[in-house]
Each structure stands twice: as C-alpha cells, then as structure tokens.
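**Student:** One predicted model, sequence on top.
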Amino acid sequence: MRSAVRRMGNSSGVIIPKPLLREIGAKAGDDVDMSVEGGRLVITPVPTKPRATWADDARRLAEDGDDALVWPEFGNADDDTLTW
C-alpha cells in the first residue's frame with residue numbers, strides 16, 4: 001500500500017490507513033514507539049496498563065461517598081488486605 005509523506009507544520013507525516021493500524025493493534029490517538037531498523041521505519045503500539053488509573057478512580061469514588069458494595073454479602077475474604 002503506497003502513501004505520500006506530507007508536510008505537517010515543521011514536521012512531516014504519513015497517513016496510516018485504518019486496516020494497517022488494526023493489524024498492529026492500534027487506533028487513532030494511541031501512543032506508539034517509532035524506530036528505524038534496517039532502513040525501515042517501524043511503528044509499534046505502546047502497551048497500555050489497564051489498571052493504571054484504578055487507584056485514582058477508587059480514591060475519587062471514596063471521596064464522593066460512592067464506594068459502597070453493590071452486593072455487600074458478596075465481598076471477598078481478602079478485600080481488607082489489598083494494597084494499591
């Protein structure tokens with residue numbers, strides 16, 4: 001698939017078609033790492049940490065008083081030993 005290098009302000013860029021992004025597991029707005037290997041530009045998606053914001057979210061819920069169990073009788077035995 002061919003594309004053109006385009007001027008974007010003081011830089012240059014290439015439009016990456018959606019099917020190619022999908023193939024590497026990325027989408028518009030995702031962070032990527034770029035490197036040059038063997039004269040080729042290699043773009044690799046940066047893995048996300050799914051639980052990265054959980055501690056902040058839990059703190060906000062507690063501050064808002066919205067942290068009660070939905071099903072109180074189904075709490076986990078080790079809940080009080082969890083650390084963030």
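**Tutor:** Good, I have the coordinates. Quick caveat, the model's predicted, so the values are computed rather than measured.
**Student:** so is residue 43 in a helix, a strand, or just coil?
**Tutor:** Secondary structure state of residue 43, per DSSP: H, G, I helix; E, B strand; the rest coil, is strand.
**Student:** got the contact list for it?
**Tutor:** 16, 24, 26, 32-34 (CB atoms under 8 Å, 6 or more residues apart in numbering). Where C-beta positions appear, they are placed from N, C-alpha and C, glycine not excepted.
**Student:** Name the member of the residues you listed that has the highest neighbour count.
**Tutor:** residue 26 (17 neighbours; other CB atoms under 10 Å).
**Student:** So what does it have for phi and psi?
**Tutor:** Main-chain dihedrals, residue 26, degrees, to the nearest 10: phi -120, psi 170.
**Student:** So which of the contacts of residue 43 belong to strands?
**Tutor:** Among the contacts of residue 43, DSSP state E puts 32-34 in strands.
**Student:** Dump the residues you listed into CSV; add pLDDT and distance to residue 63 as well.
**Tutor:** Formatted as CSV, these follow (pLDDT from 0 to 100; distance: CB to CB, whole Å):
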residue, pLDDT, distance to residue 63
32, 94, 35
33, 94, 36
34, 95, 39
